Every structure is written in C-alpha cells, then in structure tokens.
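# give me the fold of what follows.
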Amino acid sequence: MSLENNSTTIILCVLSVITLITGFWFYFNHPKKINIFYGYRTKSSMKSQKHWDFAHFYSGKLFILLGVILLISALLIYLLNLNVTNQCQK
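I've put the predicted structure just below:
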C-alpha cells in the first residue's frame, strides 16, 4: 500500500489528534478569565464568566467527541482500503 493510498488516513489521524488535544485543553485547562486573545470566543460566551466556563466545558466535550469520531473514521478507511487492496492483488 503506497503513501498515496494512505493520505486520507494520515490526514484524518493528524486532524483527530489535533482535535483531541484541543478538546482536552478546553475541557481541563481552558482560559480562566475572559480574554480577547485565545479560547472559544463568541458574543454569548464572553457575556459573563459563567457563560465563558460553560462554553469551554461544552466545546471541549464536543471536540473530544469529534476527535474520537475522526480517529474511528480514519481506522475504518484504512482497514477498508487495506481490504480492497488485498482483494485486488489476489
């Protein structure tokens, strides 16, 4: 199996790792005070500290879920591609 066949899997794996890291960062170690430099910054999340904390907690959970889904997708694509490649070589 060549690198060209694995490019989708590699991209999905890298994206899933980045998404998981971001999710864990927002969930466990989000910016403690509202700021304009980094974090999940929307008008509603910056209304109050309560909104800010909830937005990071909730978006962290969503990012973790998305990272897991991306990782599972990458593994399924890799396994299906491997199966198709093996069938074609027979």
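
# tell me where the protein has strands.
Taking DSSP state E, the chain contains no strands at all.

# low-confidence regions, it specifically.
Counting by pLDDT under 70, the chain shows low-confidence ranges at 1-5, 82-90.

# identify, by residue count, the longest helix of it.
helix 49-89 (DSSP state H).

# same for that one, what does it pack against?
Other elements packing on helix 49-89 under the criterion 3 or more CB pairs under 8 Å, 6 or more residues apart in numbering; DSSP states H and E are helix 3-28. Placement of C-beta: from N, CA and C, glycine included.

# what packs against the helix it packs on?
Where contact means 3+ CB pairs under 8 Å, 6+ apart, helix 3-28 is packed against helix 49-89.

# the spatially most central residue of the chain and K43, how far apart?
When CA atoms, centre = their mean is applied to the chain, the residue found nearest the centroid is T19 (2.4 Å). Distance from T19 to K43, counting by CB to CB, to the nearest Å: 24 Å.

# so what's the residue count around the closest residue to F63 other than its chain neighbours?
Spatial nearest neighbour of F63, chain neighbours left out: G23 (3.0 Å); criterion: CB to CB, 6 or more residues apart in numbering. When neighbours are defined as other CB atoms under 10 Å, G23 has 20 of them.

# my guess is G23 meets H56, correct?
No - look at G23 against H56 with CB atoms under 8 Å: they stay out of range, at 10.3 Å.

# so how many other residues sit close to F54?
F54 has 14 neighbours, counted by other CB under 10 Å.

# phi first, then psi, for the closest residue to it other than its chain neighbours.
Counting by CB to CB, 6+ apart, S45 is the residue found nearest to F54 once chain neighbours are left out, at 7.9 Å. As for S45, its main-chain torsions (degrees, to the nearest 10) stand at phi -70, psi -20.
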